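Asker: sequence and predicted structure below; questions after.
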Amino acid sequence: MLRSVFQDVHVQSLMLAERACVYNMLINLMKTREAELKGLGPDFVFGFVQSMDGERDPRNLLLAFHIAKNILLQGYDLGTFTEELFEVTSCYYPIDFTPPPNDVNGITKEELILALRAVLTGTPKFSQFLLPLLIEKLDSDVQTAKLDALQTLAACVSQYEDQDLREFLEGLWMSLRREVFQTSSEKIESAALAALTALTSCLSRSVLSTDSEDILSTFLDLILRDCKHHLCEPDLKLVWPSAKLLQASCSASNRASYIITAAVMPSLIEQFHSRTQCSHRRTLLEVVHQFIRSVRTSQSVDIDESVFSEYRAALCSMVFSALSESNFSLQITATSVLSSLAQQTGLLLDSDIQLAVDHLTRLLLTEEDERVSSAVVQCAGAVAEQHPEAFITKMIPRLKEELFSDSTEASELQPGHAVHQRCLAALAAVSIQPSVVQESTPVLLQVLSSAHSGSSRFSVDEVVLACRSLQRIAEQVQDTEEAGQCFHDVIIPRLLSLALQAALQNEGPSGPGSPLTEEQILSAMVPVISTACSRLQPTMAGQTASRVVSLFLEGDVTFLPDNSFPSDLQLLKQQGALWSRSQLVCLLMACVCSLPRNVEVPQVEQLLSQLEELSCSCTHMLSYTSASKCFAGLINKTPLGDSLDSSVQRTMHRVCRELDCPSSPCRTQAFTLMVWLAKALLLRYHPLFSALTDKLFSLLDDPDLGLMAADSFSLLMSDTVDVLNHSCHADIRLMYRQRFFSVNSAKLVQGFSAAPQETKPNYLKALSNIVTQLPKQVQVSELPALLSLLLEALTCPDQGVQLSTLSFLEPVLLNPSAVFIQQLEALVSRLLVLVCSPAMKIRIASIRCIHALSQFPVHEVLPFRARVLRALAPPLDDRKRLVRREAVQARGEWFLLGSPVGR
């Protein structure tokens, strides 16, 4: 049958569909009758070549390329038709295809390029034909052809042996060198370097024998001949193109890296020490840095000795010399080189590490340039991860000494305690290994203790920074039992103890209050405890939960250091007008709400009851808000069952009772608890959530709580930082936002229609808070039902509603639907009014929307042209440059509408 098709049917004379049938028939036969087809020998390949020759339709080309690829990969006998198969496919190279507008087939240029590339690179037998073709395309002036040729070269050499490349090496090198030395595009330069790496890697796989030439060395000699001398030129003009080429080759293999580093490193080191200009020294140091990074890429894991071992002392000398300079850019580059040296085994001896730590410590304490200090902190973290001992014995004691020194010299020279801030940042950066954490965290805890004891050495901002450093340590420390034990036994109890001491001190009759009771500091403690508890091993997590719950319910302080506390703590009750103790519930929230879901919280029923009471009765905002968050976090993780339902229903009954009483003094507290409870149930798709939603919608008409209710929809739809998020192991179902919107969008529209005029803005703000958090696909699909409300939102006096509505409309207008055409008059009128808004962001957003309208069908928007041009004239003289820029672009597009050079 197949012979008959090949002999009697001229495939290219058939219609498109019939040709596709032939190709699909061949694909099916190759799947089901591979042995029989291979039995035909080269005749099958010849028949396919005849069938494909002259094909032009992209749909059929994809099928033909698929057949050709299978012929190559499945080992069909090409016989004498290798060149014919190459010619019949390579005639399409490079692909030049632009899909027609509204193409229903969805075939892209990229698909065709990848399909053809798979054929051309499918066998080494094509090398003698493909490589000259690629060199020819690299010599062309068409940028897309060059890029395709470079990418194809990188793909094909991974299949080739050194003998396939031998006669083309010089031509390939000349083409690659030109694309880097005379580059006009970063994309082409990157592709050329990637191709050079692939080419060198292929040559590195060649097997050496006594009577054969080392083709890798020959090729690298070509590269060194053309590039090495540029590294020594006085003006260093071509140092970077040359260095990039050498580094690309260097990263290909361990063999290549040895050859190239042996050739260039002595010259670079000598140049660095002989140059006097800092800019030249920095350039040479950056080149060395890139070589170190490229060698690290090529080095095998099982090789202990580094390529740079021979130059270890010289490299360390370069780095330490640069760190001793006063030039900031040279210092920054030196820190990067030091970080890279630390990543490679054996390049830093103990004495080098000690000296490096001395340099880094000196720069931390004396360098005022923020760029240098930031680079030093980053470098210290990289080195400490590999070599922690020197930081434990040298840097941390020196930083501690500086933090608690009585000398005022540093603060006088650098206002704002800049040295303290750098020390705190450095303590966090170096604390990756558990052994370092055990030494650094006591220093940070001592900062909090010193602030609590009334020392004026540390400001509130510095105490907050110390907490953030503890949080960073909790996030980055290696997840080991040793690190978990440190947080479980030392850090969490110490933070709770300090916070409790501060709360009790503030309730005392005399003396200054502790700064640790300030909301700013307590809020900074929360993520420390939350992050630490979320990473604890299950056993320690359960112990921590038991301790903290006992502390807050029963006043059990036995696990706290300095536990000389009164017996009747009652931390979950507000003590009259005092709130220092009750606000510590935020630390309870940080602990119990961040534990993994498989860790059971003890006495949870009693805990929920007291949290509900505190949420509804406390008058201190941080206290009742934190209690509501803690209640919600526990409810979200409580297993399904009657216990959960009864707790939710009991709380809903109390909340609704408070909200339904306009004279209740606790309406705000009850509303806060309801919103957080609603979010906890929404995230896990609990059926009782709908009752809370209905109550929330009804409150949009409330004269006192309507605005808060509108703002609460933002909380429901957005991610929260301290509770009910993935890092806290909350129960969060997929697409909960879309589910909420699909269930409640109709209620919102109906409520807006029935609402009195004075509360309509609340509905618009609620809508704005909801739609801005939805994925774009949902926004577009729901647009027809919501457009009337969105147009109303543009007239709302609330600038936040206006801005969020404009932000929602802008991307949607770029792909206009028919519903916009029907409301074009209303949309243009409202947008032109906002062009003169007093808020700059609204002016910019409205002009961008008007700009997007210019891409609508010309016959639809042309009637508005004169009106829009008049309205966009004043913004051309706006006092803000960003507004003027947007106005120029938008007015230019509208001005060209209907003109011969326009659309």
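Answerer: Arrived safely, thanks for sending. Numbers count the residues shown, from 1 in each chain.
Asker: for the protein, where's the lowest mean pLDDT among helices and strands?
Answerer: Every helix and strand of the chain was ranked by mean pLDDT, DSSP states H and E. The lowest is helix 409-413, at a mean of 42.
Asker: which element follows it toward the C-terminus?
Answerer: helix 418-429 (DSSP states H and E).
Asker: who does that next one touch, helix- and strand-wise?
Answerer: For helix 418-429, the elements it packs on are helix 350-366, helix 370-386, helix 396-403, helix 409-413, helix 434-452, helix 460-476, judged by 3 or more CB pairs under 8 Å, 6 or more residues apart in numbering; DSSP states H and E. All C-beta atoms are positioned from the backbone trio N, CA, C, and that covers glycine.
Asker: mind running it again at 7 Å?
Answerer: Under the contact criterion of 3 or more CB pairs under 7 Å, 6 or more residues apart in numbering; DSSP states H and E, helix 418-429 touches helix 350-366, helix 370-386, helix 396-403, helix 434-452, helix 460-476.
Asker: show me the one of those that comes nearest residue 873.
Answerer: helix 370-386 (43.7 Å; CB to CB).
Asker: helix, strand or coil: sort out residue 789 for me.
Answerer: Assigned with DSSP: H, G, I helix; E, B strand; the rest coil, residue 789 falls in the helix class.
Asker: that one contacts residue 768, correct?
Answerer: No. The criterion here is CB atoms under 7 Å, and residue 789 misses it with residue 768 at 9.2 Å.
Asker: the more surrounded of these two?
Answerer: Comparing residue 789 with residue 768 by neighbour count (other CB atoms under 10 Å), the higher total belongs to residue 768, at 27 against 21.
Asker: can you give me the distance of the closest residue to the more buried one other than its chain neighbours to residue 794?
Answerer: Excluding the flanking residues, the one nearest residue 768 by CB to CB, 6 or more residues apart in numbering is residue 804, at 4.3 Å. In this structure, residue 804 and residue 794 are 11 Å apart, going by CB to CB, to the nearest Å.
Asker: ok, now residue 215?
Answerer: To residue 794, residue 215 is 70 Å away according to CB to CB.
Asker: higher neighbour count, these two?
Answerer: More neighbours surround residue 794 than the other of residue 215 and residue 794, with 22 against 18 (other CB under 10 Å).
Asker: quick check: closest non-adjacent residue to the more buried one.
Answerer: Distances taken as CB to CB, 6+ apart place residue 830 nearest to residue 794, at 4.1 Å, with adjacent residues excluded.
Asker: can you list the helices and strands that the host helix or strand of residue 147 packs against?
Answerer: If you go by DSSP H and E, residue 147 is part of helix 143-156. Applying 3+ CB pairs under 7 Å, 6+ apart, we find helix 143-156 packed against helix 109-120, helix 127-138, helix 186-204.
Asker: nearest to residue 65, out of the helices and strands packed on helix 418-429?
Answerer: helix 370-386 (46.8 Å).
Asker: now the next helix or strand after the closest one: mean pLDDT?
Answerer: Counting by DSSP H and E, the next helix or strand C-terminal to helix 370-386 is helix 388-390. The average pLDDT for helix 388-390 rounds to 93.
Asker: in helix 388-390, what counts as buried?
Answerer: Residues of helix 388-390 classed as buried: 388, 390 (neighbour count, 16 or more other CB atoms under 10 Å).
Asker: contacting residues around that helix?
Answerer: Helix 388-390 is contacted by residues 353, 354, 357, 433, 435, 436 when judged by CB atoms under 7 Å, 6 or more residues apart in numbering.
Asker: ok, of those, which come out buried?
Answerer: Buried members of the contacts of helix 388-390, scored by 16+ other CB under 10 Å, are 353, 357, 433, 435, 436.
Asker: as JSON lines, these with distance to residue 380 would be great.
Answerer: Shown next, in JSON lines, are the buried ones among the contacts of helix 388-390 (distance: CB to CB, whole Å):
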{"residue": "353", "distance to residue 380": "12"}
{"residue": "357", "distance to residue 380": "8"}
{"residue": "433", "distance to residue 380": "13"}
{"residue": "435", "distance to residue 380": "15"}
{"residue": "436", "distance to residue 380": "11"}
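Asker: circling back: hmm, residue 791 and the residue nearest to residue 794 touching each other?
Answerer: Yes. Taking contacts as CB under 7 Å, residue 830 lies within contact range of residue 791: 6.1 Å.
Asker: looking at these two, which has the bigger crowd around it?
Answerer: Per other CB under 10 Å, whichever of residue 830 and residue 791 has more neighbours is residue 830, with 21 against 17.
Asker: in contact with the more buried one, which residues are there?
Answerer: If you count contacts by CB under 7 Å, 6+ apart, residue 830 has them with 791, 794, 795.
Asker: return the backbone torsion pair for the last one.
Answerer: Summarising the backbone geometry of residue 795 under the convention degrees, to the nearest 10, its torsions are phi -100, psi 0.
Asker: how near is it to residue 761?
Answerer: Counting by CB to CB, the gap from residue 795 to residue 761 is 10 Å.
Asker: now the helices for the stretch 601-750 of the chain?
Answerer: 604-617, 621-637, 642-659, 667-683, 689-698, 706-717, 736-754 (DSSP state H, counting those that start in this stretch).
Asker: for residue 366, find the nearest of the ones you listed.
Answerer: Evaluated over the helices of the stretch 601-750 of the chain, closeness to residue 366 peaks at helix 621-637, with 40.0 Å, by CB to CB.
Asker: could you check the angle helix 604-617 makes with the closest one?
Answerer: Per axes from the mean of the first three to the mean of the last three CA atoms, to 10 degrees, the angle that helix 621-637 makes with helix 604-617 is 140 degrees.
Asker: just the CA atoms of helix 621-637, as PDB, please.
Answerer: Written as PDB, here are the backbone C-alpha positions of helix 621-637 (Å, rounded to 0.1, in the frame of the first residue of the first chain):
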ATOM      1  CA  MET A 621      -7.700  47.800  69.600                       C
ATOM      2  CA  LEU A 622      -4.600  45.700  69.400                       C
ATOM      3  CA  SER A 623      -5.900  43.300  72.100                       C
ATOM      4  CA  TYR A 624      -9.300  42.600  70.500                       C
ATOM      5  CA  THR A 625      -8.000  42.500  67.000                       C
ATOM      6  CA  SER A 626      -5.300  40.000  67.900                       C
ATOM      7  CA  ALA A 627      -7.800  38.000  69.900                       C
ATOM      8  CA  SER A 628     -10.100  37.900  66.800                       C
ATOM      9  CA  LYS A 629      -7.200  36.800  64.600                       C
ATOM     10  CA  CYS A 630      -6.200  34.100  67.100                       C
ATOM     11  CA  PHE A 631      -9.800  32.800  67.300                       C
ATOM     12  CA  ALA A 632     -10.000  32.700  63.500                       C
ATOM     13  CA  GLY A 633      -6.700  30.900  63.100                       C
ATOM     14  CA  LEU A 634      -7.800  28.200  65.500                       C
ATOM     15  CA  ILE A 635     -11.200  27.800  63.900                       C
ATOM     16  CA  ASN A 636      -9.600  27.500  60.500                       C
ATOM     17  CA  LYS A 637      -7.600  24.500  61.600                       C
END
